[in-house]
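Engineer: no sequence for this one, just the structure:
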């Protein structure tokens, strides 16, 4: 199958890191790019924030535990459906 030649401009340090890791896996740079692009098309590669800020998960866990405790004490509303929740939020 014919291939489409493409130019990719990269930071030289990143390029060297990719080459080093690719060599460990027995791949060349083109193979790494091909794998990445195929994975992206399949939806197995997601572009976005993959690291949470320091302390975020701990804060989230504390807040979740607090809400769970309030719910058990009956101090937080519960809804049987999302429609009930939205109706309450929108004062319907």
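Structural biologist: Cool, got the structure. All values reported here derive from a predicted model rather than from experimental measurement.

Engineer: Could you use CA atoms for every contact and neighbour count after this?
Structural biologist: Fine.

Engineer: give me the low-pLDDT residue ranges for the protein?
Structural biologist: Counting by pLDDT under 70, the ranges of the chain that qualify are 1-2, 49-50.

Engineer: So the nearest residue to residue 39 once chain neighbours are set aside versus residue 9, what's the distance?
Structural biologist: Closest residue to residue 39 apart from its sequence neighbours, by C-alpha to C-alpha, 6 or more residues apart in numbering: residue 45 at 5.6 Å. Going from residue 45 to residue 9 by C-alpha to C-alpha, to the nearest Å gives 20 Å.

Engineer: Those two: which has the busier surroundings?
Structural biologist: Per other C-alpha atoms under 10 Å, whichever of residue 45 and residue 9 has more neighbours is residue 45, with 12 against 7.

Engineer: Look at that one and give its secondary structure.
Structural biologist: Secondary structure, DSSP: H, G, I helix; E, B strand; the rest coil: residue 45 is coil.

Engineer: what about it, distance to residue 82?
Structural biologist: Using C-alpha to C-alpha, residue 45 is found at 31 Å from residue 82.
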